[in-house]
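Trainee: everything below, folded, please.
(4 chains)
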Amino acid sequence: MPWDRNQMAERAAQELEDGMYVNLGIGIPTLVANYVGDKDITLQSENGMLGMGPFPFEGEEDPDLINAGKQTITELRRTSYFDSATSFGMIRGGKIAAAILGAMEVSEKGDLANWMIPGKLVKGMGGAMDLVAGVGRVVVVMDHTNKHGDSKVLKECTLPLTGKGVVDRIITNLGVLDVTHKGLHIVECAEGVTREDIIKATEATIV
Amino acid sequence: MPWDRNQMAERAAQELEDGMYVNLGIGIPTLVANYVGDKDITLQSENGMLGMGPFPFEGEEDPDLINAGKQTITELRRTSYFDSATSFGMIRGGKIAAAILGAMEVSEKGDLANWMIPGKLVKGMGGAMDLVAGVGRVVVVMDHTNKHGDSKVLKECTLPLTGKGVVDRIITNLGVLDVTHKGLHIVECAEGVTREDIIKATEATIV
Amino acid sequence: MKKVYGSASEALDGLLHDGMLIAAGGFGLCGIPELLIDALVESGVKDLTVASNNAGVDDFGLGKLLATRQIKKMMSSYVGENAEFMRQYLSGELELEFNPQGTLAERMRAGGAGIPGFYTKTGYGTQIAEGKEVKTFHGENYILEEGIFADLAIVKAWKADTTGNAIFRKTARNFNPPAAMCGKVCVMEVEEIVEPGTLDPDHIHLPGIYVHRLIQGDHEKRIEQRTVRQKETA
Amino acid sequence: MKKVYGSASEALDGLLHDGMLIAAGGFGLCGIPELLIDALVESGVKDLTVASNNAGVDDFGLGKLLATRQIKKMMSSYVGENAEFMRQYLSGELELEFNPQGTLAERMRAGGAGIPGFYTKTGYGTQIAEGKEVKTFHGENYILEEGIFADLAIVKAWKADTTGNAIFRKTARNFNPPAAMCGKVCVMEVEEIVEPGTLDPDHIHLPGIYVHRLIQGDHEKRIEQRTVRQKETA
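Mentor: Reported below is the predicted structural model:
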């Protein structure tokens, strides 16, 4: 059985170590926060906050307190606020230990595409280009294939890049792959998924 | 009678207009603050403060509150504090309307030298290079000649420069001169000082 | 040094011209200068270039200036929440210069700090880097990005004293300080204007030197994505 | 995430090596990391390059590290108050890289923000510009300055919580935030360590992410120029 969204998030949470400052992207990466357990993790929201707390209780929403996904959130005792230039200074300056991000495509060289489909879908890169360029370790969480069954783990990305050679680890519904100099290395398979299943679902070179 | 230190400071204070943010250098420029009268002037201290107040009363000195000359000072109701990068951001970014600075030498092209005498006296430029490069209007206050009677207002500076083509106006003990494309223009003579006295004491071209 | 004005329109009086470059604070709908945006709509100024991370939503924030076609070009990082923005861009009616979010913030801060250009790794090897100078430092490649020098900055703070010293609240700070810094003139709207001496000088987020005109007003502060959790029952 | 250490020496343990680059906060004797400087003296680490606006005075602050000849090179803007500093420099015993004060602050901030180079007008046409790349923007000439990436930052704040969130007091802030930012590791000394939640999240000057180790101690806070005025008698 391939992993579902929550299982992928749970697996991604294992990437995080005690004491880390971490940035979680929108979508499945946001769910990772539910699985950090006892680990002392400080979440950055790149719109200007360290120490992001959970969603507020109904009626306690504050329009001045949102995350990078524009969702209402809460603060913690360790929280600090700062402006966007400072926020991305810490991202670009390598102060954030890890980022867990979604992707449209990823390549065996660690290239990442997640910000636009030319002529069709234009969201913009937001802070993703800064994150992949600056953060210590970049982990991508995504479905292994698209709805047509085509691999999203490619030899070369076909979409405009978010970053070149920036991804360290890929967590998909099928398993975990590391980007190495020679190609992708299978680290782990989801329960009931075989290496062969992953190789079959992957266009990129597996080593 | 040439102006004394206080008269030079008083004359320099006339350069300041209501609402201006101003940086005053060490020495005679510091005295300018005594002559701003009713004008609403906010003084910057480049070590991280806008709204610099007077010296503290005895016993009220605070080691955490000093000006760029390392002197104990006080705050005002309008005061704000910030770090050195922000402080020089506002200087370099042209947010300070005027700086009044001392000089060792100044040239007819507006070159300024006030930070070192090679092999002899090395103080360092401190914030002076940033100020002359960034501030809206640079006014220099200095004695017209050195103790040997040699002109300090020159065709070319002989000392290492603080800035090239940065001085707008020169206030000396003899009068006030503006830097123009063609040379120095006498704006005003100290009481009892003639244009001829200034020309005689000046090595630079007077137009 | 009179900085306090009676209304957003008064505060913008004499500052506007067609084709100007405006830097706007805010992220999504959080901390946006809503009153000044409304006054820009009223003013009819056009052919604007606006540097702002987002463009609001269709009927709120900068989305209003897109609806009236007063904006010729946006410099932004994200258009995802704004259907009309995306439509005008895809149809070619609107120019859009995509800036990575951190590059946009740093370009504003740089402009305000007298820095015309800086090097960043962000975007190297992507289409963002096309046409930009590349330079190698310590064996890595960086691209040159330029400071933004805006004709006008419009920003929103929580409180300011009458000399313009301002504080922001929580994540509503975001792009407001860098936007304010990069404006030749900066107009700020706040929820409350207070007397000098009310705010602790150590707590000022944006010193008054960056703020030229100031208004106080009521803010809608619309929430874009209301997300909540349930109280656990005992 | 244990950040609090028992003493300055403990906090520096394992972080020091000869020839390293240290960025230090403080301006004059104001806001200097006096406890950490003393611990550096004790450690005997040598051939240091120190980026700091000043070098203290002869018997206090970084002056102590000059006296013991542990410093090979200073990156500073001002040596005026330190006779031994000036003497070592003029005799050629000490390397000194003069940096305009704002350039030094910006180089630290840039290093901390992942910016390896930026252009500034400051120093153009002076000996500071010698050997530096010149580039023209909007018809004006600027020189390229590089970010400082220090092996270690030593800084002093007023208070910090146990996660490293720090606040500074008045003009003792100065170079401390940019110095902290540019250190691969940053060790901070404070007058008081408090529990998380004690400091208002909107008032944090330096978020804890920049602070790796933290100590609390008594500070002499020497005044360099005691200037006072007289109370007017009625």
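Trainee: CA only for contacts and neighbour counts going forward, please
Mentor: Will do.
Trainee: give me the helices and strands touching the helix or strand of chain C with the lowest mean pLDDT, please.
Mentor: In chain C, the helix or strand scored least confidently by mean pLDDT, DSSP states H and E is helix C:83-90, which has a mean of 87. Secondary-structure packing of helix C:83-90 (3 or more CA pairs under 8 Å, 6 or more residues apart in numbering or on different chains; DSSP states H and E): helix C:63-67.
Trainee: gap between the helix it packs on and the chain center?
Mentor: 15 Å (CA atoms, centre = their mean, to the nearest Å).
Trainee: show residues contacting the least confident helix or strand of chain C.
Mentor: A:119, A:122, C:55, C:57-58, C:63, C:66-67, C:79-80, C:94-96 (CA atoms under 8 Å, 6 or more residues apart in numbering or on different chains).
Trainee: out of these, which are inside helices?
Mentor: Among these, DSSP state H puts C:63, C:66-67 in helices.
Trainee: buried ones only from those, please, as a PyMOL command.
Mentor: Here is the PyMOL command that picks out the buried ones among the ones in helices among the contacts of helix C:83-90, judged by 16 or more other CA atoms under 10 Å in any protein chain shown:
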select buried, chain C and resi 63+66+67
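Trainee: show me where chain C has its strands.
Mentor: Applying DSSP state E to chain C gives strands spanning C:21-24, C:48-51, C:71-76, C:95-98, C:117-120, C:134-137, C:140-146, C:150-161, C:166-167, C:183-194, C:213-216.
Trainee: I misspoke; the intended subject was chain A.
Mentor: Ranges of strands in chain A, per DSSP E, are A:21-24, A:42-45, A:49-52, A:75-81, A:98-101, A:105-107, A:112-113, A:116-117, A:121-122, A:137-142, A:153-154, A:169-172, A:175-179, A:184-189.
Trainee: weakest of the ones you listed in terms of mean pLDDT?
Mentor: Of all these, mean pLDDT reaches its minimum on strand A:121-122 (a mean of 78).
Trainee: and it, which strands flank it?
Mentor: Strand A:121-122 has the following strand partners under DSSP bridges: strand A:116-117 (antiparallel).
Trainee: which outside residues touch the partner strand?
Mentor: With contact meaning CA under 8 Å, 6+ apart, strand A:116-117 is reached by A:122-125, A:159-160.
Trainee: and if you look at stretch C:60-73?
Mentor: Taking contacts as CA under 8 Å, 6+ apart, the residues outside stretch C:60-73 that touch it are C:29, C:32-34, C:37-38, C:40-41, C:44-50, C:55-59, C:82, C:84-85, C:93-97.
Trainee: go with 7 Å
Mentor: By CA atoms under 7 Å, 6 or more residues apart in numbering or on different chains, the list of residues contacting stretch C:60-73 from outside reads C:29, C:32, C:34, C:37, C:41, C:45-50, C:55-58, C:85, C:94-96.
Trainee: just the helices in chain A please.
Mentor: A:5-13, A:28-31, A:84-92, A:128-134, A:195-200.
Trainee: tell me which other helices or strands the shortest one touches.
Mentor: Contact partners of helix A:28-31 among helices and strands, from 3 or more CA pairs under 7 Å, 6 or more residues apart in numbering or on different chains; DSSP states H and E: helix A:5-13.
Trainee: the same query, at a cut-off of 8 Å, please.
Mentor: Applying 3+ CA pairs under 8 Å, 6+ apart, one finds that helix A:28-31 contacts helix A:5-13, strand A:137-142.
Trainee: now find how far off-centre it is within its chain.
Mentor: Relative to its chain's centre, helix A:28-31 lies at 8 Å (CA atoms, centre = their mean).
Trainee: now it: average pLDDT?
Mentor: Across helix A:28-31, pLDDT averages out at 94.
Trainee: show me which positions of it end up buried.
Mentor: Neighbour-count burial for helix A:28-31, with 16+ other CA under 10 Å as criterion, is recorded at A:28-31.
Trainee: do stretch C:182-199 as well
Mentor: C:182-190, C:193-194, C:196, C:199.
Trainee: as CSV, those with pLDDT and distance to chain B would be great.
Mentor: CSV is the format used below for these (pLDDT from 0 to 100; distance: CA to the nearest CA, whole Å):
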residue, pLDDT, distance to chain B
C:C182, 98, 8
C:G183, 98, 10
C:K184, 98, 9
C:V185, 98, 10
C:C186, 98, 11
C:V187, 98, 15
C:M188, 98, 16
C:E189, 98, 19
C:V190, 98, 17
C:I193, 98, 13
C:V194, 98, 11
C:P196, 97, 5
C:L199, 98, 9
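Trainee: within reach of chain D, which of those are there?
Mentor: Subset of the buried residues of stretch C:182-199 in contact with chain D: empty, counting by CA under 8 Å from any CA of the partner chain.
Trainee: packing partners of the biggest helix by length in chain C?
Mentor: Using DSSP H to define each element, chain C has its longest helix at helix C:101-112. Packed against helix C:101-112 by the contact rule (3+ CA pairs under 8 Å, 6+ apart) you find helix A:84-92, helix A:128-134, strand C:71-76, strand C:117-120, strand C:140-146, helix C:176-181.
Trainee: correct me, but C:F175 touches A:S84?
Mentor: Yes: the criterion here is CA atoms under 8 Å, and C:F175 meets it with A:S84 at 5.3 Å.
Trainee: neighbour-wise, which of the two wins?
Mentor: Neighbours were counted for C:F175 and for A:S84 using other CA atoms under 10 Å in any protein chain shown; C:F175 has more, 34 against 31.
Trainee: any idea how far C:I154 is from the more buried one?
Mentor: For C:F175, the distance to C:I154 equals 11 Å [CA to CA, to the nearest Å].
Trainee: now do the shared contacts for these two.
Mentor: C:24-25.
Trainee: spatially central residue for chain A, please.
Mentor: With distances taken as CA atoms, centre = their mean, A:L101 lies nearest the centre of chain A, 1.5 Å away.
Trainee: so what's that one up against?
Mentor: Residues near A:L101 by CA under 8 Å, 6+ apart: A:24-26, A:29, A:138-141.
Trainee: at 10 Å what do you get?
Mentor: By CA atoms under 10 Å, 6 or more residues apart in numbering or on different chains, A:L101 lies in contact with A:23-30, A:112, A:114, A:128, A:131-132, A:138-142, A:167, A:170.
Trainee: what count of nearby residues applies to the nearest residue to C:K231 once chain neighbours are set aside?
Mentor: Leaving aside its sequence neighbours, C:K231 sits nearest to A:F57 (CA to CA, 6 or more residues apart in numbering or on different chains; 6.4 Å). By other CA under 10 Å, 16 other residues sit near A:F57.
Trainee: per-residue pLDDT, A:F57?
Mentor: For A:F57, the pLDDT comes out at 96.
Trainee: what's the spacing between C:T122 and chain A?
Mentor: C:T122 sits 5 Å away from chain A, going by CA to the nearest CA, to the nearest Å.
Trainee: thought that residue was touching C:E106?
Mentor: No: the criterion here is CA atoms under 10 Å, and C:T122 misses it with C:E106 at 11.3 Å.
Trainee: name the residues contacting each of those two.
Mentor: Counting by CA under 10 Å, 6+ apart, the residues touching both C:T122 and C:E106 are C:100, C:145, D:115.
Trainee: was I right about the first one contacting C:N53?
Mentor: Yes: counting by CA under 10 Å, a contact exists between C:P100 and C:N53, whose distance comes to 8.9 Å.
Trainee: would you mind checking the contacts of helix C:83-90 for buried ones?
Mentor: Buried among the contacts of helix C:83-90 by 16+ other CA under 10 Å: A:122, C:55, C:57-58, C:63, C:66-67, C:79-80, C:94-96.
Trainee: re the thing from before, quick check: bridge partners of the residue nearest to the centre of chain A?
Mentor: Counting by DSSP bridges, A:L101 forms beta bridges with A:V140.
Trainee: measure it to C:K2 for me?
Mentor: Distance from A:L101 to C:K2, by CA to CA: 48 Å.
Trainee: sounds good, over and out.
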